[in-house]
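[1] Sequence and predicted structure are below.
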Amino acid sequence: QVQLVQSGAEVKKPGASVKVSCKASGYTFTRYYMDWVRQAPGQGLEWMGIINPNGGSTSYAQKFQGRVAMTGDTSTSTVYMELSSLTSEDTAVYYCARRTNWAFDIWGQGTTVTVSS
Amino acid sequence: QSALTQPPSVSGSPGQSVTISCTGTSSDVGNYNRVSWYQQPPGTAPKLMIYEVSNRPSGVPDRFSGSKSGNTASLTISGLQAEDEADYYCSSYTPSIWVFGGGTKLTVL
């Protein structure tokens, strides 16, 4: 079945970087854009950016420009999201989500990133 | 502050209908039929319920319906069931970015 499986929870210190992976299966990886969305504790959803796995082009929300990098590996059907210069405000659950028909139809299970000294 | 405005909470009894609104601007909701709705029970990932304003993905009950008028989109859930209790988020495309509403907590009384 179609699914996205993300890497496990991370605990980072302020100023560090985190890299979250999202492995796709059950469909042709290069046919769908992949987005990243985060959710701070008790808060709503926040769009971070998108990667086209077919070629690797990206577009990021202005808020994260210069601090986020999304990459893909077609050999393993995996996309990655790296966020640098972490602060406590980056503590959140990070989701990858497949985009189709102008919506996010398949979501990963989420990766909890905790930033704490 | 979220880009799209949703009521913080709504409630209804089993069997009743509820409607959740999602208000944007002429730059997003009002200008594109690219509004989607997501259901998120506590501790789980969001699930797509409606795409392109009013379309249901396979497997979503027809009790869920979507509509739009001007800058406001709406999600209606008819025949409420206990399992519908969750947070609901709207989302809209606006050139080059996606915006979400702040979420609405649906309580089934």
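    Looks like it arrived, so ask away.
[2] Nearest to the spatial middle of chain B, which residue is it?
    Against the mean C-alpha coordinate of chain B, by CA atoms, centre = their mean, the closest residue is B:Trp37 at 3.9 Å.
[3] State the pLDDT value of it.
    As summarised for this prediction, B:Trp37 has a pLDDT of 98.
[4] swap in the one 4 residues further on?
    Each residue has a pLDDT score; the one for B:Pro41 is 96.
[5] looking at it, it is touching B:Ala82, isn't it?
    No. Using CB atoms under 8 Å, B:Pro41 makes no contact with B:Ala82, being 11.4 Å away. For glycine as for every other residue, the C-beta is placed from the backbone atoms N, C-alpha and C.
[6] neighbour-wise, which of those two wins?
    Shown here are B:Pro41 and B:Ala82; by other CB atoms under 10 Å in any protein chain shown, B:Pro41 has more neighbours (13 against 8).
[7] OK, contacts around that one?
    Applying CB atoms under 8 Å, 6 or more residues apart in numbering or on different chains, one finds that B:Pro41 lies in contact with B:Glu85, B:Ala86, B:Asp87.
[8] Make CSV out of these and add secondary structure and pLDDT.
    CSV is the format used below for those (DSSP: H, G, I helix; E, B strand; the rest coil; pLDDT from 0 to 100):
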residue, secondary structure, pLDDT
B:Glu85, coil, 97
B:Ala86, strand, 97
B:Asp87, strand, 97
